[in-house]
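>>> Generate coordinates for the sequence data below:
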Amino acid sequence: MSLAGISRSGSTLGESPPYSLTEIHRFIKECMQAIGTPVSHAEALATCLTEADYRGHYCEGLNQLETYIDEIREGGCNKDAVPHILKETPVTAWVDGNNGLGVVVGNFCMNLAIKKAKASGIGWVVAKGSNTYGIAGLYPLKAIDEGLLGMSFTNSYPMVAPTRALESALGTNPISMAAPGLNGDSYVLDMATAAVAVGKIEILGRKQLPVPKEWANPETGALRPLGGHEPNSNYKGFGLAFFVEIFCGILSDSAYGPNIRKYGNFTQGANLGHCFVALNPTYFAPGFEERLSDLMNFIRNMQPADPDKPVLIPGDLEREHMATTDREGGVRYVKDLVASCRKLAQRLNVKPLSPLE
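Take a look at the predicted model:
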């Protein structure tokens with residue numbers, strides 16, 4: 001079975017024909033422009049969502065397009081906003097996103113962190129007044145393109161119950177870190193600190209499948225921290241979610257924890273906080289890329305516990321998905337999502353998604 005038709009959890013997404021990356025990007029951009037989004041902002045979001053699907057993170061790709069549109073139409077996000085710097089030093093910056101699109105804020109902040117890291121060895125940028133910024137891994141990838149290490153974190157809507165709590169108080173609060181190895185190889189971690197990302201719950205809904213009890217409390221609906229239940233060390237996931245909250249919500253003076261608006265309430269700004277870090281390895285011991293590649297290759301070549309499942313480094317699964325997508329010419333989607341996009345195209349008077357012939 002093609003990896004392009006597999007979700008990150010290993011479930012079949014559907015049997016739609018493949019859609020080219022160019023076509024997916026075109027559709028997202030035109031939908032955003034149809035609601036008055038500036039071209040550059042629509043382009044940024046289209047790139048972000050298309051990259052998510054290309055890398056196999058379906059829950060953060062085209063699946064989220066209607067959410068972005070609803071958020072703008074209901075007044076929760078300012079589609080025209082541009083971020084500005086509130087305070088900065090040669091290596092740090094505090095940014096106000098002005099309630100703009102999260103990807104616009106994220107690109108601005110990561111580019112600023114990269115600039116500072118090139119000049120001074122490190123760039124550390126936090127932002128308030130933002131919205132959902134897409135896949136966390138998008139931003140560290142910008143850093144490794146410049147030969148730097150990159151990190152990004154964001155807080156999010158309170159949907160996760162802390163260890164031993166029934167009700168939710170923190171977001172899925174993802175963590176991403178990327179580092180460059182030799183010859184284009186890299187380590188790319190992109191993970192939620194909850195047992196599962198919210199978008200995977202939405203994918204299950206599109207497939208009319210129940211939510212596993214390991215993912216969420218069936219009584220309250222609150223998501224569980226990474227680890228699921230306490231005997232499986234979910235306090236570690238809770239600790240990491242709180243870690244992200246400190247860098248994103250507390251440090252930036254954005255909304256934090258239970259003070260962030262509820263998911264689906266698009267009538268007010270989310271005021272999310274983000275954190276972006278770029279680090280220049282040349283300011284430390286020489287040979288970083290060589291040592292990283294040596295370790296990654298050693299681990300990849302270890303004897304697998306299951307002969308049918310090779311040992312992988314964070315980022316390898318995404319590379320496999322991208323290679324399969326390239327071979328097939330495009331991305332496959334669950335049929336419910338394709339039907340939703342067709343209806344969206346009609347509402348916005350946009351040319352619908354066209355599959356490969």
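>>> Go ahead and confirm Ser168 touches Ala194.
No: Ser168 lies out of contact with Ala194 (Cβ atoms under 8 Å); the separation is 9.8 Å. All C-beta atoms are positioned from the backbone trio N, CA, C, and that covers glycine.
>>> who touches both of the two?
Residues touching both Ser168 and Ala194 comprise 159-160, 223, with contact defined as Cβ atoms under 8 Å, 6 or more residues apart in numbering.
>>> Could I get the buried residue list for the lowest-mean-pLDDT helix or strand in the chain?
Least confident helix or strand of the chain, by mean pLDDT, DSSP states H and E, is helix 198-206 with a mean of 75. Using 16 or more other Cβ atoms under 10 Å as the test for burial, helix 198-206 gives 198-204, 206.
>>> what secondary structure does Ala305 sit in?
Secondary structure, DSSP: H, G, I helix; E, B strand; the rest coil: Ala305 is coil.
>>> Next, count neighbours for it.
For Ala305, the count of nearby residues is 7 (other Cβ atoms under 10 Å).
>>> Would you check how far apart it and Glu318 are?
22 Å (Cβ to Cβ, to the nearest Å).
>>> Which parts of the stretch 151-300 of the chain are strands?
Taking DSSP state E, counting those that start in this stretch as the test, the strands found in the stretch 151-300 of the chain are 175-180, 186-191, 272-279.
>>> most neighbours per residue, which of the ones you listed?
Comparing those by mean neighbour count (mean count of other Cβ atoms under 10 Å), strand 272-279 ranks first with a mean of 28.
>>> Now do Lys343 against Pro180, distance only.
In terms of Cβ to Cβ, Lys343 sits 42 Å off from Pro180.
>>> How far does stretch 92-111 stretch from one end to the other?
12 Å (Cα to Cα, to the nearest Å).
>>> Return a ChimeraX selection command for the buried portion of the shared contacts of Ser168 and Ala194.
Of the shared contacts of Ser168 and Ala194, the buried ones go into a single ChimeraX selection, burial set by 16+ other Cβ under 10 Å:
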select :159,160,223
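>>> Export the shared contacts of Ser168 and Ala194 to CSV and append columns for distance to Ile24 and pLDDT.
As requested, the shared contacts of Ser168 and Ala194 are exported to CSV (distance: Cβ to Cβ, whole Å; pLDDT from 0 to 100):
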residue, distance to Ile24, pLDDT
Met159, 27, 95
Val160, 30, 97
Leu223, 28, 95
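>>> Please name the residues that touch the most centrally placed residue in the chain.
The geometric centre of the chain, computed from its C-alpha atoms, lies nearest to Ile135 (Cα atoms, centre = their mean), at 1.4 Å. Contact partners of Ile135, counting by Cβ under 8 Å, 6+ apart, are 48, 51-52, 55, 57, 60, 176, 190.
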